[in-house]
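Chemist: Here's a sequence, model it:
(chains A and B)
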Amino acid sequence: MLSRNDLNALVAAVAQGDRTAFEQLYDATRAKLYGVVLRILRRRELADEVIQETYLKIWGSAASFDPERASAVTWMVTIARNRAIDLVRRRSEASLEEEPEAMEVADDIPNPLAARELSEDLKRLMTCIGALDEDRRQMVLLAYYNGLSRDQLAVKFDKPVNTIKTWLRRSLIEIRNCLGS
Amino acid sequence: MTMDEDREILAAEYAFGTLEAAERVEAERLIGSDKDFAARVAYWESRLLPLADAVDGVEPPASVWQKILAALPGATTLAGTPSGSAEIVYLTRKVKRWRTATYIAGAIAASLLAVIGVRDVILPKPDLGRYVAVLQADKVSPGFLLTVDLKTKEFTVRRVGADQQRDRSYELWLVHDKFPAPRSLGVIGDHEFTRSQLAAFDPQIINEATYAVTVEPPGGSPTGVATGPIVYVGKLIEAVP
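Modeler: Numbering: from 1, shown residues only, chains lettered A, B, ... in the order given. Next up is the predicted model:
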């Protein structure tokens, strides 16, 4: 894995239209981004599409990337996740019932504490998420990893949407207070 | 707290991904118009990122990269950016080498034909390797480079010297005397791309054919028959690795 500085340098080169740098950036990050969007989309053909859009967006907006505000990986993962979530929202509003399998894999959440490298940031975040009640911890991780909406979380936890809304609200505030803004 | 709690939750939920479609649109509007809100979204995005480290990487299929490349604005590498001009020098050198090879191959073929005195020489079966054709307007004006992999029957087209067309499209054709009319291989644009439309053809035909580029109405010939003038033409030669 390339260092944070390496990736920032690659994005800066991509902003200049450097295709070799773009390919290196793709090679260094494609598996991670694909893994993230595949969990949310569940379908390879959709993941293929989102990853293409994501890298084209990266190519097109590399000049606006600001390393002071976020790391290159945060920036890239965020673009990919947002595209994936926008796509599932558009689809699920049209056909949630037609895709019952969309709810199936939901129990399988990666265990962040089993990550190969437990960075300081991840330890801190997991300490804060770990302080939540069991249900809410699950809910927060499902929301992040599988891209579930409040409606989908309500189905999953068999609770009214308003309850989920309250849970989310309290959980997010607790996490923020724990992390410090 | 510098902003009200609802906004904070909206920012956090946007980053988590729990908003419904309409709320996401609203959040995106705020990101564009409200700096404080955008900063809160950025805060949450960067704080949540470590979670993504726990996701197992999955290799995307190779076709994804091909499609990304094909969709890149092709003019970028040719527009005179530092890497672009280096690439052009490299390509020009390659083209020169190929052109010499074409010339020699052509001369050898011509002299062979003269000696044997027949038109229908039985050529040895082509090796299943990589072939290249420089599609050119005249001896010094290469327009496109065509690379063919006979194993996968995929071809790649790269614009080299051809002008960008505004209201017309370039279309690539396979010309072979076994076919009464040229067969379209599709519209070729400014981007390098790979396609597999050669799958229907016999390797011998792919190898012997002449490849021609015509100028057609936008999106290609409406009839499937070439209507415009041939602007670039070439034949395959074996690419020396």
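
Chemist: which residue ranges form the helices in chain B?
Modeler: For chain B, helices defined by DSSP state H occupy the ranges B:5-16, B:21-33, B:35-52, B:62-71, B:75-78, B:82-116, B:203-208.

Chemist: Also chain A?
Modeler: Going by DSSP H, chain A shows helices at A:4-15, A:19-41, A:44-61, A:72-95, A:120-130, A:134-146, A:150-157, A:161-179.

Chemist: Would you mind giving these as a markdown table with mean neighbour count and mean pLDDT added?
Modeler: Placement of C-beta: from N, CA and C, glycine included. Listed next are these as a markdown table, based on neighbours: other CB atoms under 10 Å in any protein chain shown; pLDDT from 0 to 100:
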| stretch | mean neighbour count | mean pLDDT |
| --- | --- | --- |
| helix A:4-15 | 18 | 90 |
| helix A:19-41 | 21 | 93 |
| helix A:44-61 | 20 | 93 |
| helix A:72-95 | 20 | 84 |
| helix A:120-130 | 16 | 87 |
| helix A:134-146 | 20 | 91 |
| helix A:150-157 | 19 | 91 |
| helix A:161-179 | 17 | 94 |
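
Chemist: Adding distance to chain B, write those out as a markdown table.
Modeler: Listed next are the helices of chain A as a markdown table, based on distance: least, CB to the nearest CB, whole Å:
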| stretch | distance to chain B |
| --- | --- |
| helix A:4-15 | 8 |
| helix A:19-41 | 3 |
| helix A:44-61 | 5 |
| helix A:72-95 | 4 |
| helix A:120-130 | 4 |
| helix A:134-146 | 5 |
| helix A:150-157 | 5 |
| helix A:161-179 | 4 |
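
Chemist: Dump the ones you listed into TSV; add distance to B:Gln197 as well.
Modeler: Shown next, in TSV, are the helices of chain A (distance: least, CB to CB, whole Å):
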stretch	distance to B:Gln197
helix A:4-15	31
helix A:19-41	25
helix A:44-61	20
helix A:72-95	29
helix A:120-130	48
helix A:134-146	39
helix A:150-157	42
helix A:161-179	50
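
Chemist: so who does the closest residue to A:Arg83 other than its chain neighbours touch?
Modeler: Closest residue in space to A:Arg83, ignoring its immediate chain neighbours: A:Val50 at 4.8 Å, by CB to CB, 6 or more residues apart in numbering or on different chains. A:Val50 makes contact with A:Val37, A:Leu41, A:Ala80, A:Arg83, A:Ala84, A:Leu87, according to CB atoms under 8 Å, 6 or more residues apart in numbering or on different chains.

Chemist: wait, what's in contact with B:Leu135?
Modeler: Contacts of B:Leu135 (CB under 8 Å, 6+ apart): B:Pro142, B:Gly143, B:Phe144, B:Leu145, B:Leu146, B:Tyr211, B:Ala212, B:Val213, B:Tyr232, B:Val233, B:Gly234.

Chemist: how far away is the fifth one from B:Tyr131?
Modeler: It stands for B:Leu146. From B:Leu146 over to B:Tyr131 the distance is 8 Å, taken as CB to CB, to the nearest Å.

Chemist: go on, the fourth one?
Modeler: Noted for B:Leu145: a distance of 11 Å to B:Tyr131, by CB to CB.

Chemist: And the last one, by the same measure?
Modeler: As judged by CB to CB, B:Gly234 and B:Tyr131 stand 11 Å apart.

Chemist: Common neighbours of those two, please.
Modeler: Common neighbours of B:Gly234 and B:Tyr131 (CB under 8 Å, 6+ apart) do not exist.

Chemist: per-residue confidence at the residue nearest to A:Tyr34 when sequence neighbours are not counted?
Modeler: Spatial nearest neighbour of A:Tyr34, excluding adjacent residues (CB to CB, 6+ apart): B:Pro60 at 4.3 Å. Looking at B:Pro60, its pLDDT reads 94.

Chemist: In terms of mean pLDDT, which of the helices of chain B ranks lowest?
Modeler: Looking at the helices of chain B, the weakest mean confidence is helix B:75-78, a mean of 34.

Chemist: measure stretch B:201-220 end to end?
Modeler: By CA to CA, to the nearest Å, the extent of stretch B:201-220 from end to end equals 21 Å.

Chemist: quick revisit: so which of the helices of chain A gets nearest B:Ala38?
Modeler: Within the helices of chain A, the stretch nearest B:Ala38 is helix A:72-95; the backing value is 12.2 Å (CB to CB).

Chemist: excluding its backbone neighbours, what's nearest A:Asp86?
Modeler: Closest residue to A:Asp86 in three dimensions, ignoring its sequence neighbours and counting by CB to CB, 6+ apart: B:Arg24, at 6.6 Å.

Chemist: ok so, going back, list residues touching both of B:Leu146 and B:Tyr131?
Modeler: Common contact partners of B:Leu146 and B:Tyr131 (CB under 8 Å, 6+ apart): B:Leu236.

Chemist: In chain B, which residue is most central in space?
Modeler: In chain B, the residue lying closest to the centroid (CA atoms, centre = their mean) is B:Phe193, at 1.5 Å.

Chemist: Would you agree it is in contact with B:Arg159?
Modeler: No - with contact defined as CB atoms under 8 Å, B:Phe193 does not count as touching B:Arg159 (10.1 Å).

Chemist: From chain A, how far off is the nearest residue to B:Pro182 once chain neighbours are set aside?
Modeler: Once flanking residues are discounted, B:Pro182 sits nearest to B:Trp173: 3.8 Å by CB to CB, 6+ apart. Per CB to the nearest CB, to the nearest Å, B:Trp173 is found 28 Å from chain A.

Chemist: B:Ile31 now?
Modeler: B:Ile31 sits 10 Å away from chain A, going by CB to the nearest CB.

Chemist: what about the residue nearest to A:Asp86, neighbour count?
Modeler: 21 (other CB atoms under 10 Å in any protein chain shown).

Chemist: what's near enough to touch it?
Modeler: By CB under 8 Å, 6+ apart, the neighbours of B:Arg24 are A:Ile85, A:Asp86, A:Arg89, B:Tyr14.

Chemist: which one of the residues you listed sits closest to A:Leu179?
Modeler: Taking CB to CB as the measure, A:Leu179 lies nearest B:Tyr14 of the contacts of B:Arg24, at 17.1 Å.

Chemist: The closest residue to that closest one other than its chain neighbours - how many residues pack around it?
Modeler: Nearest residue to B:Tyr14 in three dimensions, chain neighbours excluded: B:Ala27, at 4.1 Å (CB to CB, 6+ apart). Using other CB under 10 Å, B:Ala27 has 20 neighbouring residues.
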